[in-house]
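K.L.:
Take this sequence and fold it.
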Amino acid sequence: MSELSEKEIAEIRSHFEFFDRNHNDLLEEREFIMLFKILAPDASREMAIRGFETIDADGNGGIDFEEFLDWWQMNWTVF
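P.N.:
This next block holds a predicted model:
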């Protein structure tokens, strides 16, 4: 996987912050589902929930920016 530039990380952070509606630096399940449905409109709610549970590596009920960035790099970065 290629290293992201500071500009790319800042852009990804802006996506994260846009969907973090309550500004608590975590994407909660409902916030992630909104994001997921935009990225994958044909995906089911169940798929989004399974994705959320997978990305929430520490199991704290929210996706922090580091977890989000790891997921973004694995799934949405063009190589």
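
K.L.:
contacts, neighbours, all on C-alpha from now
P.N.:
Noted.

K.L.:
From I12, how far out is L4?
P.N.:
Per Cα to Cα, to the nearest Å, L4 is found 10 Å from I12.

K.L.:
who's more crowded, these two?
P.N.:
Taking other Cα atoms under 10 Å, L4 and I12 do not tie; I12 has more neighbours (17 against 11).

K.L.:
Now E53: closest residue in space, sequence neighbours ignored.
P.N.:
G59 (7.4 Å; Cα to Cα, 6 or more residues apart in numbering).

K.L.:
tell me, how many neighbours does the one you found end up with?
P.N.:
11.

K.L.:
Flag the shaky bits of the chain, pLDDT-wise.
P.N.:
Where the chain drops to pLDDT under 70, the residues are 1-2, 76-79.

K.L.:
in what helix or strand does the spatially most central residue of the chain lie?
P.N.:
What sits nearest the mean C-alpha location of the chain, by Cα atoms, centre = their mean, is F68, with 4.0 Å. F68 is part of helix 65-75, with elements assigned from DSSP states H and E.

K.L.:
Could the C-alpha coordinates of that helix be exported in PDB?
P.N.:
The C-alpha trace of helix 65-75 is given here as PDB (Å, rounded to 0.1, in the frame of the first residue of the first chain):
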ATOM      1  CA  PHE A  65     -10.100   8.400  12.600                       C
ATOM      2  CA  GLU A  66      -7.200   5.900  12.700                       C
ATOM      3  CA  GLU A  67      -9.600   3.000  12.100                       C
ATOM      4  CA  PHE A  68     -11.300   4.900   9.400                       C
ATOM      5  CA  LEU A  69      -8.000   5.800   7.700                       C
ATOM      6  CA  ASP A  70      -6.900   2.200   7.700                       C
ATOM      7  CA  TRP A  71     -10.200   1.100   6.200                       C
ATOM      8  CA  TRP A  72     -10.100   3.900   3.600                       C
ATOM      9  CA  GLN A  73      -6.600   3.000   2.500                       C
ATOM     10  CA  MET A  74      -7.500  -0.600   2.100                       C
ATOM     11  CA  ASN A  75     -10.800   0.000   0.200                       C
END
